[in-house]
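Engineer: Predicted model and sequence follow; I will ask about them next.
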Amino acid sequence: MKLKRQPEDFQVEELPIVAATDRGRYTFYRLSKTDLGTIEAVEAICRRWNIPGGRVAYGGLKDRHAVTVQYLTIFDGPAHAIHQPNLDLEPLGKLERAYGPQDFSGNRFVVVLRDMTAGAAAEAGRQLVAASNDGVPNYFDDQRFGSVGYSGEFIAHAWLQGDYEKALRLALAEPNAFDRSETKARKAALRTHWGNWPEAKAALDRSSERSLVTYLVDHPTDFAGAFSRHKRELRGLYFSAFQSWLWNLILAGWIERNTTPEQRVLVDLKVGALPFPVGLDPDQRRLIDEAELLLPSSRTPLPDGPLGEIAADVLAAFGLTWADMRVKKLKDVFFSKGSRRALIPLDDVRSEVLDDSFERGKKAVRLEFTLPKGAYATMLVKRLTEAVGADA
């Protein structure tokens, strides 16, 4: 089974709930792009029209390796289009305020799975219907855990345990599957010279890592101080990743509590396997789905009842309590407060088995569905591929 054999095999269209008018200073556009990230597309638009990025507003980031449609506004933006390779921008009219996440309800997806047997392709369609009946766990997907290296250890976990040197080492020197060649070289040099900061500095080029090592030359044991000088956006991602994984584990415990072993399939993620419910009866789905699961943070109280017990057990496995979920020594990073629903609803599901144009004698299946904003379509794909199994 193959996904994303070509960009057209993964299509996403944002579903706006606002309509353009002829009034307002914000020009409203439809952005279509292929094999291009949202940030890169916006940068290209700003270069083309020589406008600052602060005048552009959009609802969310869309997948790079896909064909996507989304919407944006530009304050006092031009009323004409851009057509260039991989990017089309069409003006639709005006809005009286900037477009944002509150202005769309979800996304419509078209996903094509290829290199399948006829039976497996048909089963994928049946599993899509089953997933719409059961719901899909609202887990954070692997995109959230890009900062986790080969060790599987979370930078924020080390920080919460007060091991600031380990947190810094994981952030700067831990090998990661996504490292480019120059990043691999810098990390290898840091591992080789860790603790000998003058030699480490000499081995690095002019980079953000070198500036942190320069600080350590003068303050050789102030690992917390060096970490606090690391890029804020990266430090924020480190703590968000750990909080997200803890939330995933709480949801996993809630699913396990309310299902039988036969009603669960394990799906592998980058940092561990998680259960997905299958064959739920309506009462089970309602019970699981009615729960609003809090993001672990000392800024909110520990949940009452079974959810609180599950959360406490999850944190205890990391040597932590709910009260420990606060970021010490950093004034510009914190754990988010809020909640997420347990299951993702799927709407308007359709499927069609096709001949695979890339693999002679093989089948493909075209799947269509709508998800609310913030939901990961890749979670649904993992649920489907796991259920279809090795005979795909």
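Structural biologist: Perfect, I can see it now.
Engineer: For the rest of this, base every contact and every neighbour count on C-alpha atoms.
Structural biologist: Noted.
Engineer: List the buried residues of the helix or strand harbouring residue 246.
Structural biologist: Element membership of residue 246, judged by DSSP states H and E, is helix 232-257. For helix 232-257, the neighbour count (16 or more other CA atoms under 10 Å) marks 235, 237-256 as buried.
Engineer: repeat for stretch 172-179
Structural biologist: 172, 173, 174, 175, 176.
Engineer: so where does the nearest residue in space to the second one that is not next to it in sequence fall, helix or strand?
Structural biologist: With sequence-adjacent residues excluded and distances taken as CA to CA, 6 or more residues apart in numbering, residue 173 is closest to residue 187, at 4.4 Å. Remark: residue 187 resides in helix 181-193, with elements defined by DSSP H and E.
Engineer: got the CA positions of the next helix or strand along the chain from that helix in CSV?
Structural biologist: Downstream of helix 181-193, the first helix or strand assigned by DSSP H and E is helix 197-203. The C-alpha trace of helix 197-203 is given here as CSV (Å, rounded to 0.1, in the frame of the first residue of the first chain):
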residue,chain,number,x,y,z
TRP,A,197,33.3,24.2,25.2
PRO,A,198,36.3,26.0,23.6
GLU,A,199,36.9,22.9,21.4
ALA,A,200,33.2,22.6,20.7
LYS,A,201,33.1,26.3,19.7
ALA,A,202,36.0,25.9,17.3
ALA,A,203,34.4,22.9,15.7
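Engineer: And the helices in the stretch 201-350 of the chain?
Structural biologist: Counting by DSSP state H, counting those that start in this stretch, the segments of the stretch 201-350 of the chain that form helices are 208-218, 223-228, 232-257, 282-290, 305-316.
Engineer: Among those helices, which comes closest to residue 118?
Structural biologist: Residue 118 sits nearest to helix 282-290 of all these, at 30.7 Å, using CA to CA.
Engineer: So for that closest one, what gets flagged as buried?
Structural biologist: 284, 285, 288, 289.
Engineer: quick check, nearest of those residues to residue 77?
Structural biologist: Once CA to CA is applied, the member of these that ends up nearest residue 77 is residue 289, at 42.5 Å.
Engineer: pretty sure that closest one is touching residue 342, no?
Structural biologist: Yes: counting by CA atoms under 8 Å, residue 289 touches residue 342, with 5.3 Å between them.
Engineer: Give me the mean pLDDT for stretch 282-291.
Structural biologist: For stretch 282-291, mean pLDDT is 93.
Engineer: Low-confidence stretches in the stretch 201-350 of the chain?
Structural biologist: Applying pLDDT under 70 to the stretch 201-350 of the chain flags no residue at all.
Engineer: same question for the longest strand anywhere in the chain, mean pLDDT?
Structural biologist: Looking across the chain with DSSP state E, the single longest strand is strand 104-116. Mean per-residue pLDDT for strand 104-116: 95.
Engineer: Run through the helices of the stretch 1-150 of the chain in chain order.
Structural biologist: Going by DSSP H, counting those that start in this stretch, the stretch 1-150 of the chain shows helices at 38-49, 118-134.
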